[in-house]
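[1] give me a 3D structure for the following:
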Amino acid sequence: SELQSPCNLVCRLLLEKKQTNQYYCILIFSIYIFFNDTATTEIYTLSLHDALPICMIEDLSIVGRDAAELMKIMPGMGMNNGLNNSMWNSYTTASNTGPVGAFSANGTQPYGGMTMTSDGANLLDPGNQGTQTANVNQNQVAEVSILTSAYGAEFAKGPVTFQAYGKSGSAQFHGGAYMYARNGVFNSVDSYSKNQGGSPLTDSFYYPGGDIGGPVLIPGTKFNRNHDKLFFYGAYEYMKQQPAGSLQNYFIPTTEMLNGNFSPAYLASLGPGFAAAHGNANVVPCGNNQGGCANFNFPGGMIPKSLMDPNSLIYLNTFPKTNANPVTNSTGSNFQYFLGPPQNRWESRIRLDYNINEKTKLFVSWNHQSESDLSPISVWWWIGGTSLPYPSSQAATQISQVYSANLVHVFSPTLTNEFIFAEAKFTNPITLGQPDAVDPAKLGFKMKGLFTNTFTPQIPNVFGWNNAITGYFAPTYGEPWPTGGANSFGDRKSTR
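    Numbers count the residues shown, from 1 in each chain. Coordinates of the predicted model:
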């Protein structure tokens, strides 16, 4: 090779537009190539690195407050839902969400093919490999980038890595305050909401915040008098978020049904909407041989009360009362619930940079995020049209903590050592507001399940994708079962 060792080729394209003495960065694309031309070993390392600097992060418009949304403009990124061409919903900023699982990078699988870091801390949720445990605030980062090919050993995750680096202080004091606001007061009411006799909430999103940074000075001392040793940066943002919400439609067993009336005349009285939406259920009991029950005969579609399981009746009595007429409702529903809880949160970030000497640099950072989640139906996801609002509230204050430390020492022009410590913690301590409402002992529910939960007793979940099944889809609270012992997995013989 004619290239000298070592060589560093940097291809950099920077388009600038001068306007009122300001420069706008359009694109940065870097390729780093390193050669070692020793007689016995030749090493080629190609690193493909696409970066967005601070001028683009702050000036490019995004929907929410997650800078990770910018990965949609990175080369090689494709939405993972095919021809639908819809992406991850960033309308409301939240923890335990994010675009990692919504995109495929250069053909990689959506879940598990990409990781996300902030100041070296891995934010990828290890449970689903597709969400982030902390938000990457647009106003608190200096650079976001994506590594997509043969990067160095310091990047242990991949094969694609989305990384963000936070802002830091400088030799001069800088600070600012801001307010981002969106309000849906002028939004039109869609035809479906009008048909159902209501309208969504007026959505509103307010994001006040500010930051400050500069040199650390100690009055009465000469420490850092040249503004070149120790620097600080601090930021805070509050997020007041009220989504527009959505209307949930259900059909729950009526009083007549709880008394065994499934006669053709009664089913017909529920109207054409019920018949269209619940075709499999719009027949006398076992009339469609569902589950192989055609051998059972219920004259006139009447089920004797004596044949009804008492535990099932107790379970059904926890369902909400009907509030809609299926005859006049276009979806054949008799219960409607408007789902639109607020999702308020705040974020803070502190960083210190210390230039120990010309060859040794250190920085530490701490990112704290707190979010209020109400989860009236379920915590992460549910099945639309069948998962009912839970009998008890399920509130939680989600906490995200991200700690980072980075120490770099230059031994020589050809030897540099970097030490990184990072930890990302995410907790979602959900508690039941009315535990007695789902306590089997308090309800008289005596069916015994596979597992014994002595911490927070709950009625079981009943759910399914069949449109005739309605129930709850809530997580198990407390420890799932005691460890060890003869009854660690419950009494299977008593389970039915």
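
[2] sketch out the low-pLDDT regions of the stretch 101-250 of the chain for me.
    Judged against pLDDT under 70, the low-scoring parts of the stretch 101-250 of the chain cover residues 150-158, 197-200.

[3] mind doing that once more with 80?
    110, 148-159, 189-201 (pLDDT under 80).

[4] again, but for the stretch 301-450 of the chain
    Low-confidence segments of the stretch 301-450 of the chain, defined by pLDDT under 80, are located at 380-386, 448-450.

[5] can you give me the strands for it?
    With strands called from DSSP state E, counting those that start in this stretch, the stretch 301-450 of the chain shows them at 335-339, 345-355, 360-373, 394-412, 415-427, 431-432.

[6] and these: which comes nearest Met77?
    With distances scored as Cβ to Cβ, the stretch of the strands of the stretch 301-450 of the chain nearest to Met77 is strand 415-427 (23.1 Å). Glycine gets a C-beta too; all of them are placed from N, C-alpha and C.

[7] picking that back up, can I get the strands of the stretch 301-450 of the chain in JSON lines with distance to Gln140 and mean neighbour count?
    Supplementary listing: the strands of the stretch 301-450 of the chain in JSON lines, determined by distance: least, Cβ to Cβ, whole Å; neighbours: other Cβ atoms under 10 Å:
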{"stretch": "strand 335-339", "distance to Gln140": "31", "mean neighbour count": "17"}
{"stretch": "strand 345-355", "distance to Gln140": "5", "mean neighbour count": "19"}
{"stretch": "strand 360-373", "distance to Gln140": "8", "mean neighbour count": "19"}
{"stretch": "strand 394-412", "distance to Gln140": "11", "mean neighbour count": "17"}
{"stretch": "strand 415-427", "distance to Gln140": "16", "mean neighbour count": "13"}
{"stretch": "strand 431-432", "distance to Gln140": "30", "mean neighbour count": "17"}
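
[8] next, format the ones you listed as CSV and append distance to Ile252.
    As requested, the strands of the stretch 301-450 of the chain are exported to CSV (distance: least, Cβ to Cβ, whole Å):
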stretch, distance to Ile252
strand 335-339, 5
strand 345-355, 33
strand 360-373, 25
strand 394-412, 20
strand 415-427, 34
strand 431-432, 21
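
[9] among the ones you listed, which comes closest to Glu237?
    strand 345-355 (5.1 Å).

[10] what residues does that closest one touch?
    93-95, 119, 135, 137, 140, 166-169, 216, 228-239, 241, 361-372, 398 (Cβ atoms under 8 Å, 6 or more residues apart in numbering).

[11] hang on, the earlier thing: for Ala441, find the nearest of the strands of the stretch 301-450 of the chain.
    Using Cβ to Cβ as the measure, strand 431-432 is the one of the strands of the stretch 301-450 of the chain that comes nearest Ala441, at 14.5 Å.

[12] ok so, going back, out of the strands of the stretch 301-450 of the chain, nearest to Cys55?
    Cys55 lies closest to strand 345-355 among these, at 19.8 Å (Cβ to Cβ).

[13] please state the offset of that closest one from the chain centre?
    Computed by Cα atoms, centre = their mean, to the nearest Å, the separation of strand 345-355 from the middle of its chain amounts to 23 Å.

[14] wait, Leu258 sits on Leu316?
    Yes - using Cβ atoms under 8 Å as the test, Leu258 is close enough to Leu316 to be in contact (6.1 Å).
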